[in-house]
Structure formats: structure tokens, C-alpha cells
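Q: Based on what follows, work out the 3D shape:
(chains A and B)
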Amino acid sequence: MKGILKLAYKLVVNDKAKFTALLVGITFAVFLMMFITSMFVGVLNHSAATVINIDAPIWVMDPTVQTPANTIGLPGYILDAVRSMQGVKYAVPLYAGAALLKLADGTYQSANIIGLDDTSLYGRPELIQGNIDDIYAENGFIAIQDADFPKLGNAHIGSEFELNDNRGVIVGIAKVRSSSLFGIPTLYTTYYRCLQYIPNPRYTISYVLVVPKSMRDVPRIKQQVKVLGYVALTKDEFIGRTTNFYIFQSGFGMNLLIMTAVSFIVGLSVSGQTFYTFILENLERFGALKAIGTKSRELVSIILFQAAFTSLTGYGLGVGLCVSLIGVAKLRMPEYAAMISYLNLAVPFAMVLVIAAISSYFGVRRVLAIEPFDIFRG
Amino acid sequence: MPDTAIKASGLVKWFGEGEAKTTALKEVNLETYFGEIVYIVGPSGSGKTTLLSVLSGILRPNAGKVLVEGGNIWALDADRLAEFRLNKLGFVFQDYHLFPRLTTAENVAIPLILKHEDWNESMKKAVRYLEIVGLKGKEQLPPIKLSGGEQQRVAIARAMVGQPDILIMDEPTASLDGETGRSIVSFVHQNVLNNQRCIIIVTHDSRIYEFADRILDMEDGRLASTEKVSHEN
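A: Numbers count the residues shown, from 1 in each chain, chains lettered A, B, ... in the order given. Okay, the predicted model is just below:
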């Protein structure tokens, strides 16, 4: 069989024009599919930035909250109730909201404001400059150095701004794992400073962050929170809920599906048609092979190998092209919203297998249908 | 008395059904022997190609038997029949049917590769057979770079490389000029034919009749006459 597959390889690779067309079609389709899905994964990752950066194991929230960005305030007694639940090691409040800053040069800039529990500073970012204790200093804020950091002007330790007519001072600069989706800078301060500086509704706790005694306690904590009429989600569940919101309720998912389908159709039509033409051009020769004594399963192996080889080579090139392009983009823009996950690799791979299967299916049908007698008849 | 290569009896083959039914072979009986070249001639539509296809295990007859080495080839299943064609027969097609994207040597080696022989050994044998058919030095060329006569020689080398007992040639001179056609069949007569091999040729070309041992004339699906050719000059 090794010799037959080598023959199959030479038949397809030596037809340079068709082989190139096949590779270009599949590479382009894989590149598009992967690029679109990695953009989407990147966007989803940024949309769950608060959850990823705070990194709490359990998040208690109103049941209607869909994403970290649309918070609904929790009454103060929920924090007390959660703290007294069985299985809870400790629980802290978190403020997550947005505010309009007036920068030193007089311009206005929206910003995400994260208010950490005053006692524990649970979920604090990793500081690059400054001292974490300075967050307790008068008007102290920590700025996050991400792609949106320059929007704070020439921000540095000691920079001042106004927030709702209150003075704010940057006392530290920190980094986080994921920057926000909406292209605005992020500031961290204490929970109570948020309540003082930002106008708030009656209920002010955005989330109650819970650390369980052990992960075995998670179901029990969830059950107890549910009894109160609220919901407790693990970190992964909250990210999943955010993802589902963007996929199913924002229109993002449908656009992604359409673009992926278009890429798939482009790849299928280019490579499928080219492969089928390749089979048609060699049909009489396949018939001659059949007459000489090639078994049907050997002919099928030849065609499947050719389809699989071209598809997987195109897949490799497409992945390489996509990774290179995203790599180059990230060199220029470190927070570029594209992220390659196993899903990004798996979806185009599955699509490529489908392209190979459909392309070879029609080829196999034609080759099996040809009668060696037709070769004699001319 | 030479050994029998193929013994066919009561071959019937029809195409179509009802009013469209056409009977291409009508009770054809035939015996060929090792060491002879048999021509099957006749007008278009007389059933020559159908007979050749039935004899070579390509087209299943509606009735009759084709015995090779005492066994009826039409009693074999599809895989065994393919193995029979690969091991016992060599085919030379009218339009050669060489793969243009493979080298000449790779084209010749195809039957050996199909027999799962080692690739490098197959290439060595292919080069040797190309030498036999007079194409030394053209092993790495694609067939498209060769003349019609040379391509036919490549096809002959491909048919011979597996050392088949029976060589089937379908209109081998149809695509060649008269001179080249004669030289090809002359080559086959001198270099391919031997006591362990039988060659069956379907042809319209009367200029190559001189190389036949027997000429079977087909007419309307029947063997109308058999002519023995004398080679004594």
C-alpha cells in the first residue's frame, strides 16, 4: 500500500497547477475560519476581563446578570448572608462600574472603575509601579497599563484627574491578564471610595466574591444562594454565561456563523471543484488502472489519500498564516483582540475534513462508476 | 501441440433491454495458444472490443465461459478477477493511457507497484524494460515529451513489466503512422512473443497482418472465419 500511496502523492503533487489551486483554496478557507473564530474568542476573552482578572472562584449576583458589564446591585444583607453560609471561607463585596473622568488637560474620558474590598483588597492587580498600600491614601487609584492606558493622557504616579468633581490621584500602575472589551481604560480603587465618588442606586454591591472552604462546598453554597433568590456561579460558569450572551443574544454569534459558513463554502467550492476536475481529467487513466488490475478499495485509497494530503497541507498552511498574522498584529498592538484556542484549531480542522470528505466523495463515485470496458471502447 | 492460453466457449453478450437490446457476441467459441499472435479483425460494431473485454476479465458475459489455466475467470469475485488481470494479463490501450504527471519509468512501474513490490526495485525493473523497448535514457521524461511511437513503446513496457502470460493489445497502431505502427508490431513479434506468452491484438490495420499467426474475422458478433498466416517466405 505504501507504493500505491506514493503513486497517489506523485499524481496529485506533480500536477502543480491543480495542487496549487487546491492548496490556495483550502489555505484561504482555513485562514478565514481560524481568523474569524480567533477574533471571536479574543473578544469573548476581553468581554469576561473582570472575571478573569479578579479571579474569584465564586461570584454571587442577580440572576438576570448576563455579562460582567451589566451589573445589578445586590442589597447589603446578601453579603452578610453569604458570609454566614456553610462552606464559605470568606466573602467580599466588589464594585464594578463605569465613570467619566476629567483629565488634567480638561478632556473627558470614560473608564471602568473596579472597587476592591477595603479590608482584603481581594482581586487586586499585579503592580508594576507604586505600592499597594497607597490605594488607601487620599483619592488613591491604580491605573491598569493595557492597550487603553494611553487614553488617560500622559498618566504616571501622581497624575491627577476629576471624577464627579472629586479629585483622583494615580498612586500605582498595574497589569492584568485581560484588558476590557470596550476600549476604555481601567482604574482600581477601594469599594467605599467608589461609593463616595460615583453616584449610585440604592443597592451598591455589584458582586459578592466568595472563596469556599473547599471546592466540594460549591454546590452547597450555590443551593443556599439560590434560596435567597440570587445566583452563585463559578468563575468558568460566569465566563460561559458571558460567552453564551455574546453568541446567542448579541448577534455576534450569528455573524460568526455566517462568516465561518462563507469561508467553508469558499473553501469547499474552490477545492472541491478543483479536486473533482483533477479526477475528471484523470478518469480514463483511473479506468486504465482498473483494467490493469487495481482493486476498487485501492482506487478509493488513492483518492482519499490525495484529498486528505492536500486538505491537511492546506490546513497547516492556513494555521501558519493565521498565527503569523496575529503574531505580527500583536507585536504592534499587544492587546489585539484575537486569541487562538484549541477550539480555533478544531473548528477549521473539522471543516477541512468535511471539505476533503465531500470532495473525495464525488471523485470516488466517478472513479468507481467508470467501467474498464469504456477504456477499450474509447 | 502448444498449451492453451485461453479457451472461451458459448460467449454471449448483449447490451440494453427490450427494443434497444443489441447482441454483441453470439455463441462465440475461441481457443488461443501460447507462442502465437492472434489478431481479431472485423468491421466496426462487429464485436471485437466486446470479445477482447470478455476474454480479459473486464466485461462480464451474459452466458459462456472463459477458461484460463483450467479455471473459469468469470467464476471469480471482483477482487480475485482484478488480481487475475494484474498477474496474468498485460494491457496495451489504443490511447496508451499513460499518466502525464508521472515519469516514463513511474508509468512503466505501475503494475509492479500495484503488486506491492518495493518502489526502488520497481523503478529498476521499469528502467530495464524501457531499455528493452529502446527507450534508454528517457526514464525521467514525462510521456508528453515522447513521440506517439515512443509512448506506445512505454505502454508495451508497462504491459510487459509484470511478465504476464497473455498480452492484450487494443488497436495498437491506430494512433500511429504506418511506418511506426509496423515497427511497433514487428518489435512485439520479435521481442515480446515467446513460447510462454500469447498475444491477442484487436486491429483494423491490414498493414500489420503479416505479423499474425492467426487472424480471426468477426462479423455481426460471430467469428466468421479463421485464417492461419504462413510466415514462410
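
Q: any residues touching stretch A:258-267, and which ones?
A: A:25-26, A:28-30, A:32-33, A:36-37, A:347, A:351-352, A:354-355 (Cβ atoms under 8 Å, 6 or more residues apart in numbering or on different chains). For glycine as for every other residue, the C-beta is placed from the backbone atoms N, C-alpha and C.

Q: list the contacts for the residue of chain B found nearest chain A?
A: Closest contact between chain B and chain A, by Cβ to the nearest Cβ, is at B:Leu86 (2.6 Å). Contact analysis of B:Leu86 by Cβ under 8 Å, 6+ apart lists A:292-294, B:111, B:114-115, B:162.

Q: how does it look with 6 Å?
A: By Cβ atoms under 6 Å, 6 or more residues apart in numbering or on different chains, the residues touching B:Leu86 are A:293, B:114.

Q: Can you say which helix or strand has it in it?
A: Assigned by DSSP states H and E, B:Leu86 falls within helix B:78-88.

Q: got the buried residues for that helix?
A: B:81-86, B:88 (16 or more other Cβ atoms under 10 Å in any protein chain shown).

Q: Tell me how far A:Gly140 lies from A:Tyr188.
A: 10 Å (Cβ to Cβ, to the nearest Å).

Q: What of A:Ile113?
A: With Cβ to Cβ as the criterion, A:Ile113 and A:Tyr188 are 8 Å apart.

Q: the more surrounded of those two?
A: A:Tyr188 (27 against 22; other Cβ atoms under 10 Å in any protein chain shown).

Q: helix/strand/coil for the residue lying closest to the more buried one once chain neighbours are set aside?
A: Of all residues not flanking A:Tyr188 in the chain, A:Ile142 sits nearest, at 4.4 Å (Cβ to Cβ, 6 or more residues apart in numbering or on different chains). A:Ile142 carries the three-state label strand when classified by DSSP: H, G, I helix; E, B strand; the rest coil.

Q: A:Ile142: how many residues sit nearby?
A: Residues near A:Ile142, counting by other Cβ under 10 Å: 27.

Q: got it, and A:Arg177?
A: A:Arg177 has 11 nearby residues by other Cβ under 10 Å.

Q: same check, this time on A:Asp133
A: 11.

Q: can you check A:Glu138 too?
A: With other Cβ under 10 Å as criterion, A:Glu138 counts 10.

Q: what about it, distance to chain B?
A: Distance of A:Glu138 to chain B, computed by Cβ to the nearest Cβ, to the nearest Å: 80 Å.

Q: Let me know the helix or strand that the nearest residue to that residue once chain neighbours are set aside is in.
A: The shortest distance from A:Glu138 to any residue other than its chain neighbours is 7.5 Å, reached at A:Val169 (Cβ to Cβ, 6+ apart). Following DSSP H and E, one finds A:Val169 within strand A:166-175.

Q: Could you pick out the residues of chain B near chain A for me?
A: Chain B has residues B:49, B:53, B:58-59, B:79, B:82, B:85-86, B:91, B:93, B:97, B:99, B:101-102, B:111, B:113-114, B:119, B:170 near chain A, with proximity defined as Cβ under 6 Å from any Cβ of the partner chain.

Q: residues touching B:Cys198, list them.
A: Taking Cβ under 6 Å, 6+ apart, one finds B:5, B:32, B:34, B:166 in contact with B:Cys198.

Q: Need those residues in CSV (columns: secondary structure, neighbour count and pLDDT).
A: CSV is the format used below for the contacts of B:Cys198 (DSSP: H, G, I helix; E, B strand; the rest coil; neighbours: other Cβ atoms under 10 Å in any protein chain shown; pLDDT from 0 to 100):
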residue, secondary structure, neighbour count, pLDDT
B:Ala5, strand, 24, 92
B:Thr32, strand, 22, 93
B:Phe34, coil, 18, 91
B:Ile166, strand, 20, 92
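
Q: of all the residues you listed, which comes closest to A:Ile239?
A: B:Ile166 (71.9 Å; Cβ to Cβ).

Q: My read is that the closest one contacts B:Leu89, right?
A: Yes: here B:Ile166 reaches B:Leu89: they are 5.2 Å apart, a contact under Cβ atoms under 6 Å.

Q: A:Leu44 should be in a helix, yeah?
A: Yes: A:Leu44 forms part of a helix when assessed by three-state DSSP.

Q: Going along the chain, name the helices of chain B.
A: For chain B, the helices defined by DSSP state H cover B:48-55, B:78-88, B:104-114, B:119-132, B:148-160, B:178-187.

Q: Then the stretch 101-250 of chain A?
A: A:191-197, A:218-227, A:235-244 (DSSP state H, counting those that start in this stretch).

Q: now those as a markdown table including distance to A:Gly42 and mean pLDDT?
A: What follows is those, written out as a markdown table (distance: least, Cβ to Cβ, whole Å; pLDDT from 0 to 100):
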| stretch | distance to A:Gly42 | mean pLDDT |
| --- | --- | --- |
| helix A:191-197 | 29 | 93 |
| helix A:218-227 | 29 | 96 |
| helix A:235-244 | 12 | 92 |
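
Q: Tell me which of those helices lies nearest to chain B.
A: Between the helices of the stretch 101-250 of chain A, helix A:235-244 lies closest to chain B; by Cβ to the nearest Cβ that is 48.1 Å.

Q: remind me, longest helix of chain A?
A: Per DSSP H, chain A has its longest helix at helix A:296-332.

Q: angle of the next helix or strand after it against helix A:296-332?
A: Proceeding N to C from helix A:296-332, the next assigned helix or strand is helix A:342-369, under DSSP H and E. Helix A:342-369 and helix A:296-332 meet at an angle of 150 degrees, taking axes from the mean of the first three to the mean of the last three Cα atoms, to 10 degrees as the criterion.

Q: Any idea how far apart the tips of stretch A:159-178 sit?
A: Length of stretch A:159-178, first residue to last, Cα to Cα, to the nearest Å: 24 Å.

Q: before we move on, what about stretch B:132-147?
A: 17 Å.

Q: So for that stretch, what gets flagged as buried?
A: B:132-133, B:135, B:138-139, B:142-143, B:146.

Q: domains of chain A?
A: Using automatic domain parsing, the domain parsing of chain A gives A:2-46+A:251-377, A:75-229.

Q: low pLDDT regions in chain B?
A: B:1-2, B:230-233 (pLDDT under 70).

Q: Pick out the residue closest to the middle of it.
A: B:Ile168 (1.0 Å; Cα atoms, centre = their mean).

Q: Next up, the contacts around it.
A: B:56, B:89, B:91, B:200.

Q: Same check on A:Ala356?
A: Taking Cβ under 6 Å, 6+ apart, one finds A:307-308, A:311 in contact with A:Ala356.
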